[in-house]
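# sequence first, predicted coordinates after that:
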Amino acid sequence: QVQLVESGGGLVQAGGSLRLSCTASGRSTSSYPMGWFRQAPGKERDFVAAINWNGGSTWYADSVKGRFTISRDNAKNTVFLQMNSLKPEDAAVYYCAAVPLTRYSSNDYRYWGQGTQVTVSS
């Protein structure tokens, strides 16, 4: 079993930056892809970014390409999401996920964190 805990969310002005972290415990996630998703009020949970097991490959939603960067530190069982040039439409609860069961961009991951709120003021 894997437990995922996100941190780093908060309130930021448009154009600002935040860095989210997700730390896994209970079992190492270093062999598995991991992803970030987000869900705004009244909307479905959407794919944001994913990273393969060693960080050699990354994937992004079109809406965040060039602004967000996903990375990982397997020694610390942690994955990061650096978010720059934030926009009001980026506001959502951000979720970390581990072990995709189908496509890395689908909501079909085995393990999920509880989420961290990101609020962007205009």
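Cool, got the structure. Please read all numbers here as calculations on a predicted model, not as lab measurements.
# where does pLDDT dip in this protein?
Across the chain, nothing is flagged by pLDDT under 70.
# and the residue nearest the centre of it?
Note on the chain: the residue nearest the mean C-alpha position is residue 36, at 2.4 Å, using CA atoms, centre = their mean.
# so that residue sits against residue 19, correct?
No - no contact is recorded between residue 36 and residue 19 when judged using CB atoms under 8 Å, the distance being 11.8 Å. C-beta coordinates here come from the backbone N, C-alpha and C atoms, glycine included.
# and for those two, which residues touch both?
The overlap between the contact sets of residue 36 and residue 19 (CB atoms under 8 Å, 6 or more residues apart in numbering) consists of residue 81.
# OK, contacts around residue 92?
By CB under 8 Å, 6+ apart, residue 92 lies in contact with 38, 39, 40, 43, 117, 118.
# nearest to residue 12, of those residues?
Proximity of those to residue 12 was ranked by CB to CB; the top entry is residue 118 with 7.5 Å.
# nearest residue to the closest one in space, please, no chain neighbours.
Spatial nearest neighbour of residue 118, excluding adjacent residues (CB to CB, 6 or more residues apart in numbering): residue 9 at 4.8 Å.
# tell me where the protein has helices.
Per DSSP state H, the chain has no helices. Nothing in it meets that criterion.
# ok, the residue of it positioned farthest from its centre to residue 84 distance?
Among residues of the chain, the one most distant from the C-alpha centroid is residue 122; the distance is 22.4 Å, by CA atoms, centre = their mean. Distance of residue 122 to residue 84, given as CB to CB, to the nearest Å: 17 Å.
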